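J.: Starting from these lines, generate the structure:
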Amino acid sequence: MSAEFLDELLAKTDIVELIREYVTLTQKGGRFWACCPFHNENTPSFSIDSSKQLWYCFGACQEGGNAITFIRKIENVDNGDAIRILAKKAGMEISEFTGKKNIGESSEKKERLYSLMRLAAKHYHENLFTPQGAKFKKYLGNRGISDSIIKRFGIGASIDGNKAIDFLTSQGFTEKELKDANIAQISEKGIYDPFYDRIIIPIINQFGEICAFGGRTLEKDPDFAKYRNSTNTAIFEKNKTVFAVNLLQRLKKDKVKIDFVILCEGYMDVVALHSYGFNTAVASMGTALTFNQAKQIKNFSEKVYISFDGDTAGQKNALAGLDVLAAAGLTVRVVQMPVGLDPDDVVKEYGKEGYQKLLDKAITLPEFKIKKLLEKFNLEDLEGKAKFTAESIAVIKRIDNEIEQEEYFRRISALTGYSVEVIRRQADKTVLSPLVAEERLASNIEEQNKFKEDKNYKAKAFILASLAVGKSFVDYTEDYDLIFDDKFSKIVANFFVANAKEKLESVASLYALIDDGQQKELDYLLNQYKFVDGDDEQKYNDCVKILKKDTLEKQKAKLEKEWEQTKDMSLLKQMKEISEMINELK
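T.: The predicted model follows:
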């Protein structure tokens with residue numbers, strides 16, 4: 001990687017304006033501040049030094065770096081893609097660093113695939129305006145999709161199984177590249193376009209690049225799948241892509257206020273809603289909604305309406321996506337679709353006003369969950385009523401506002417006949433984990449095993465147990481975020497530091513901060529760890545040194561890797577400071 005190229009790229013990138021695309025900034029003195037986009041917080045600790053073109057979080061995550069590291073982290077991409085994204089924003093030619101200034105074969109391959117997809121999309125779009133494409137154009141018109149909407153989404157058509165293949169190979173792309181992009185497949189008869197005889201919808205990612213295609217047939221045919229979508233490729237991952245996110249980017253760039261985002265299941269629902277003026281509609285890519293997708297949506301609005309089909313499968317998908325959206329910090333409303341209808345059906349049958357009425361009547365996350373529980377349990381049955389109440393309490397406990405909680409307690413009381421006092425007492429006994437973000441989506445068992453397989457597990461356990469029981473030699477002013485490098489240990493340590501006077505008396509509150517698998521770890525720490533009088537203080541200090549040194553060495557290794565990739569001069573100073581801290585621990 002050319003240091004000259006990186007220097008020029010960073011010089012052309014205004015880090016303040018770059019980060020402003022993702023978070024709301026406030027200027028105080030010579031710095032800009034925001035709530036950190038990499039961890040949940042209410043008080044801004046994320047700082048940008050515009051003179052040095054660097055950012056740093058003074059809060060829990062303590063991440064920092066330059067424009068490249070910011071894009072790499074917030075967009076969840078590798079270093080090469082982060083550089084490519086910034087180069088595009090800065091108007092620097094990709095060829096400047098894919099030739100002699102090569103950033104790697106994989107990045108060069110991706111750029112070739114993006115070029116291929118752009119040409120394929122142009123070819124498909126132009127097909128609509130040829131005699132062979134007339135039937136596709138007529139079909140779109142019959143569905144109320146105007147030329148302006150066709151242009152907005154870049155809609156096209158695949159006329160037959162060979163035309164796109166012939167065109168792209170004539171432009172210098174190999175059959176392997178076509179297969180790598182999922183534009184071509186091989187059969188006994190040879191290579192062919194798997195999207196043939198379909199309406200083509202380009203899938204455009206958050207960087208404005210065409211990365212995949214969706215294809216829809218004109219007629220219902222039991223022997224011909226209604227939809228065909230690209231599989232994952234080097235430039236496309238379904239669980240990281242939000243359909244029509246590029247149109248949200250355009251609105252934001254034009255400084256159009258986005259009050260809310262409508263999340264649908266399919267891209268044809270999105271096209272239909274845009275046709276009727278609902279220009280903030282987007283869709284997941286047919287997979288379970290991921291935290292990555294939720295974070296992308298949050299870049300544009302704090303409020304999302306989830307508008308999935310009115311059938312059983314659609315409602316199950318809605319239920320599965322609710323916690324993910326809420327975990328990303330979004331305010332969630334659920335649009336109650338008529339049974340058997342999707343958004344496309346609704347706007348065609350009832351018009352813009354009909355769909356707007358559904359939006360106006362959208363219900364909150366707790367309301368939707370309780371409604372689903374009512375469908376699940378028979379309240380005429382004693383056992384069913386008790387289970388409904390218990391699961392409803394679990395839903396209500398996630399509400400932060402106590403007044404809102406009280407209102408839902410009254411609703412459950414009215415439905416079941418149990419008194420509000422009984423329901424409230426049961427709620428007080430119910431311990432829940434509010435962690436429904438990435439760690440809740442991961443396997444608890446896997447996370448637990450990672451902790452136990454840690455070579456420093458015993459040292460961590462001893463320090464946490466010492467904190468828990470309030471040993472006299474414990475220094476509660478210690479930087480436990482530096483000592484521990486895993487989330488669970490940090491949560492436990494910081495909890496006992498914050499509650500030093502109460503010690504174990506408030507442990508129930510700690511259980512509410514961790515998930516089921518982590519609670520087993522906590523049980524071990526509190527009930528099974530044995531102390532030996534006499535050498536505990538020395539052992540504690542040794543453990544602190546071991547963990548601090550290990551954490552610092554990991555930080556240094558990470559910085560060294562970043563230095564090799566970015567040549568960011570600020571990293572040298574950080575590495576020197578960390579080396580000095582490591583030496584002090586020897």
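
J.: quick one: low-confidence ranges for the stretch 401-550 of the chain?
T.: 431-455, 500-535 (pLDDT under 70).

J.: switch to 90 and redo it
T.: Along the stretch 401-550 of the chain, segments meeting pLDDT under 90 span 401-405, 424-550.

J.: in the sheet, who's paired with residue 201?
T.: residue 214 (DSSP bridges).

J.: My read is that it contacts residue 271, right?
T.: Yes: assessed by CB atoms under 8 Å, residue 201 is found in contact with residue 271 at 7.2 Å. Yep, even glycine has a C-beta here, placed from its N, CA and C like the rest.

J.: Overlap in contacts, these two.
T.: 153, 155 (CB atoms under 8 Å, 6 or more residues apart in numbering).

J.: Next, the distance between the ends of stretch 254-268.
T.: End-to-end span of stretch 254-268 (CA to CA, to the nearest Å): 25 Å.

J.: okay, which residue is most central for this structure?
T.: Nearest to the mean C-alpha position of the chain, by CA atoms, centre = their mean, lies residue 292 at 1.5 Å.

J.: Could you measure from that one over to residue 376?
T.: 30 Å (CB to CB, to the nearest Å).

J.: Next, find the distance separating residue 346 from residue 359.
T.: According to CB to CB, residue 346 and residue 359 sit 11 Å apart.

J.: And these two? Which one has more around it.
T.: Using other CB atoms under 10 Å as the criterion, residue 346 and residue 359 rank with residue 346 on top: 24 against 14.

J.: which residue packs closest to the more buried one, ignoring adjacent ones?
T.: residue 355 (5.1 Å; CB to CB, 6 or more residues apart in numbering).

J.: packing partners for the host helix or strand of that neighbour?
T.: In this structure, residue 355 is located in helix 343-360 according to DSSP states H and E. Under the contact definition 3 or more CB pairs under 8 Å, 6 or more residues apart in numbering; DSSP states H and E, helix 343-360 sits against strand 261-264, helix 267-275.

J.: how does the protein divide into domains?
T.: 3-98, 104-236, 257-359, 366-429, 442-584 (automatic domain parsing).

J.: and the gap between residue 190 and residue 184?
T.: In this view, residue 190 and residue 184 are 10 Å apart by CB to CB.

J.: rewinding a little: wait, doesn't the residue nearest to the centre of the chain sit right on residue 240?
T.: Yes: contact criterion CB under 8 Å: residue 292 and residue 240 qualify, at 5.1 Å.

J.: so how far is the longest helix seen in the chain off the chain centroid?
T.: Ordering each helix of the chain by length in residues (DSSP state H) puts helix 536-566 first. Helix 536-566 sits 29 Å away from the centroid of its parent chain (CA atoms, centre = their mean, to the nearest Å).

J.: coming back round to it: ok, now which ones touch the residue nearest to residue 346?
T.: Under the criterion of CB under 8 Å, 6+ apart, the contact list for residue 355 reads 273, 276, 278, 343, 346-347.

J.: can I get those residues in JSON lines with distance to residue 62 and pLDDT?
T.: Shown next, in JSON lines, are the contacts of residue 355 (distance: CB to CB, whole Å; pLDDT from 0 to 100):
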{"residue": "273", "distance to residue 62": "41", "pLDDT": "96"}
{"residue": "276", "distance to residue 62": "46", "pLDDT": "95"}
{"residue": "278", "distance to residue 62": "41", "pLDDT": "97"}
{"residue": "343", "distance to residue 62": "43", "pLDDT": "92"}
{"residue": "346", "distance to residue 62": "47", "pLDDT": "93"}
{"residue": "347", "distance to residue 62": "47", "pLDDT": "94"}
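
J.: May I ask which two of those are separated the most?
T.: Greatest spatial distance among the contacts of residue 355 (CB to CB): 278 and 346, at 10.8 Å.

J.: coming back round to it: quick one: which of the contacts of residue 355 is most hemmed in?
T.: Going by other CB under 10 Å, residue 343 tops the contacts of residue 355 with 28 neighbours.

J.: and the gap between that residue and residue 563?
T.: Residue 343 is 49 Å from residue 563, where distance means CB to CB.

J.: repeat for residue 167
T.: From residue 167 to residue 563 the distance is 44 Å (CB to CB).

J.: List the contacts of residue 335.
T.: 262, 305-307, 358-359, 362.

J.: For the residues you listed, could you give me CSV that also reports distance to residue 12 and pLDDT?
T.: What follows is these, written out as CSV (distance: CB to CB, whole Å; pLDDT from 0 to 100):
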residue, distance to residue 12, pLDDT
262, 36, 97
305, 38, 95
306, 39, 92
307, 40, 91
358, 46, 95
359, 42, 96
362, 43, 95
